[in-house]
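In: Turn this into a model:
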Amino acid sequence: MTNNQFIMMKVAKHTQAGAVLLEALIAILIFSFGILAITGLQGAMMKSAADATYRAEAAYSVQRQLGEMLSSPLALGGNNEIPIYSLPSGKLTTKLLSEGRYQFVVTWQVPGETDHRYEAVTSIFTAR
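Out: Numbers count the residues shown, from 1 in each chain. The predicted model follows:
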């Protein structure tokens, strides 16, 4: 090995110093962004699951109220409002729209969000 080749090897080693450390830092940065994205996705998924649970509870409350109205002619009255304790600040409002036609509106408010609303309209005809 000549003197020139020896000097070139030393220069090459010197310019490569720290490259592995830089590659490791870039890998850690990419990994961190991936973990942050997964965490954000998990949070959005949990919020969507909670929203779906609230909507299902609202639909169940309407079905329960409708069942009570069908089973008891006395419950076929006019407008009323009842609290729903399984929903945050939940309430069910029943309105008589016209003869035999009813509107059910369930509202609830999750802290830090806007009001949510579930609405159903049905017709109930009784035998006379």
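In: Could you list the low-pLDDT ranges of this structure?
Out: Along the chain, segments meeting pLDDT under 70 span 1-17, 73-78, 126-128.
In: Find the centremost residue of it, please.
Out: What sits nearest the mean C-alpha location of the chain, by CA atoms, centre = their mean, is Ser48, with 1.8 Å.
In: Which helix or which strand is home to that one?
Out: Using DSSP states H and E, Ser48 falls within helix 19-71.
In: Next, the angle helix 19-71 makes with the next helix or strand after that helix.
Out: Sequence-wise, the next helix or strand downstream of helix 19-71 (DSSP H and E) is strand 80-84. Counting by axes from the mean of the first three to the mean of the last three CA atoms, to 10 degrees, strand 80-84 lies at 140 degrees to helix 19-71.
In: Okay, buried residues for strand 80-84 please.
Out: Ile84 (16 or more other CB atoms under 10 Å). In this view, the C-beta of every residue, glycine as well, is placed from N, C-alpha and C.
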